[in-house]
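>>> Mind looking at a prediction? Sequence and model below.
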Amino acid sequence: MVGVILLYVGAVLLVNGMGGLGRVDGRSMAVMNFMVGSLALVASLLQLIRAQTPADFFGVATFFLFTFTYLYVAVSIWFDLDMRGFGWFCFFVALTTIPCALVTYQGGDLRFGTFWLIWGVLWYMFYQANVPGRDFGRLLPYTTIGVGVLTCWIPGLLILTENW
């Protein structure tokens, strides 16, 4: 399930990065965010139904961080909402990635522990862009694309092809 989600998170981050560069229309971005958010919602709910241990529920909670991110973006862009609420959600998620990374490191997974920290930086950048209004110029879109490709798309493909 993780490989599937990562593959499509990589796709939505690519589209969102291109949108930040002005190469994708906002409503078109919203559609992709809605599709990926919906996929993540179904996966998260399936995992929730199957969850039995605290570790299972931890995994479900982390899936929902991604789910709500993309659904929040989709709805906000589609309805032309103020993105400050999304920014504050990103702040919450950025803080949450720190214990996620620590738990993942404690479980012995250095790659995903590091990914959590990288994802946290990206979420924090979105907080900075949407709440205090920091202008990152082209850095934020390119970072979004890079994070999507290097921590989501490629690992997702490797997991799905059993080459991880």
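Structure's in. What do you need? Numbering: from 1, shown residues only.
>>> ok, how many other residues are close to residue 35?
Using other Cβ atoms under 10 Å, residue 35 is surrounded by 16 other residues. Glycine gets a C-beta too; all of them are placed from N, C-alpha and C.
>>> so who does it touch?
By Cβ atoms under 8 Å, 6 or more residues apart in numbering, residue 35 lies in contact with 8, 12.
>>> now swap in residue 33 and tell me
12, 15, 16, 70, 71, 73, 74, 77.
>>> ok, these vs residue 31, which is closest?
Minimum separation from residue 31 among the contacts of residue 33 (Cβ to Cβ) is found for residue 74, which lies at 7.5 Å.
>>> Just the contacts of residue 33: which are in helices?
12, 15, 16, 70, 71, 73, 74, 77 (DSSP state H).
>>> quick one: contacts for residue 95?
Contact partners of residue 95, counting by Cβ under 8 Å, 6+ apart, are residue 120.
>>> Look up how far residue 152 lies from it.
Distance, residue 95 to residue 152, using Cβ to Cβ, to the nearest Å: 21 Å.
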